[in-house]
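*Asks:* Provided below for reference: sequence and predicted model.
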Amino acid sequence: MTCEEVLNELRLFYQGEPTKFVIWIVPQGALLQLNGGDLRRIADFVKDNLQGREEGKTAFVAEATLAFGFGRMLNNLGEAKEIPVSTKTFRSIDEALEWLGLDALPMELGHGQGTVAGEVGASTISATR
């Protein structure tokens, strides 16, 4: 995905009333086109568009090493920019759910389709969107 595609995903999420908790599932290879400047743009966008997510939690699930590293860099940028949403990167959905204090996702995720339901938003970031 390009930076603009990631920002479009975020724009969709922040339309209306976004959930306090969200899990972004990052498939292998989805973020290969991003660089440090792109990550800063993404963090700036989030900071400017919180809309009621203050004190929320965002979990990135990335099994691939590169995507996991990007997630960790976004975590650090969020802290440096004092974004009032806790973020953490995980290797599995189960670890992310435990951190969010949940037993399971409240819905099924379609292949390549993001869905939002209940108190938790969950989306698969896909290069095919």
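*Replies:* Noted; the coordinates are in hand.
*Asks:* now tell me which helix or strand of this protein has the poorest mean pLDDT.
*Replies:* Within the chain, no helix or strand scores below strand 115-117, which has a mean of 34 by mean pLDDT, DSSP states H and E.
*Asks:* residue ranges with poor pLDDT in this structure?
*Replies:* For the chain, the stretches flagged by pLDDT under 70 are 106-129.
*Asks:* grab the longest helix from it for me.
*Replies:* helix 65-80 (DSSP state H).
*Asks:* so what does the very next helix or strand once past that one touch, helix or strand wise?
*Replies:* Counting by DSSP states H and E, the next helix or strand C-terminal to helix 65-80 is strand 86-90. Packing partners of strand 86-90 (3 or more CB pairs under 8 Å, 6 or more residues apart in numbering; DSSP states H and E): strand 57-61, helix 65-80, helix 93-100. From N, CA and C alone the C-beta is placed, and that goes for glycine too.
*Asks:* show me what strand 86-90 pairs with in its sheet, parallel or antiparallel.
*Replies:* Strand 86-90 has the following strand partners under DSSP bridges: strand 57-61 (parallel).
*Asks:* relative to helix 93-100, how tilted is the partner strand?
*Replies:* Following axes from the mean of the first three to the mean of the last three CA atoms, to 10 degrees, one obtains 170 degrees for the angle between strand 57-61 and helix 93-100.
*Asks:* dump strand 57-61 to CSV, restricted to CA.
*Replies:* Output of strand 57-61 as CSV, limited to C-alpha atoms (Å, rounded to 0.1, in the frame of the first residue of the first chain):
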residue,chain,number,x,y,z
LYS,A,57,-6.4,1.8,22.2
THR,A,58,-5.0,0.9,18.8
ALA,A,59,-3.5,-2.6,18.3
PHE,A,60,-1.4,-3.4,15.2
VAL,A,61,-1.2,-7.1,14.4
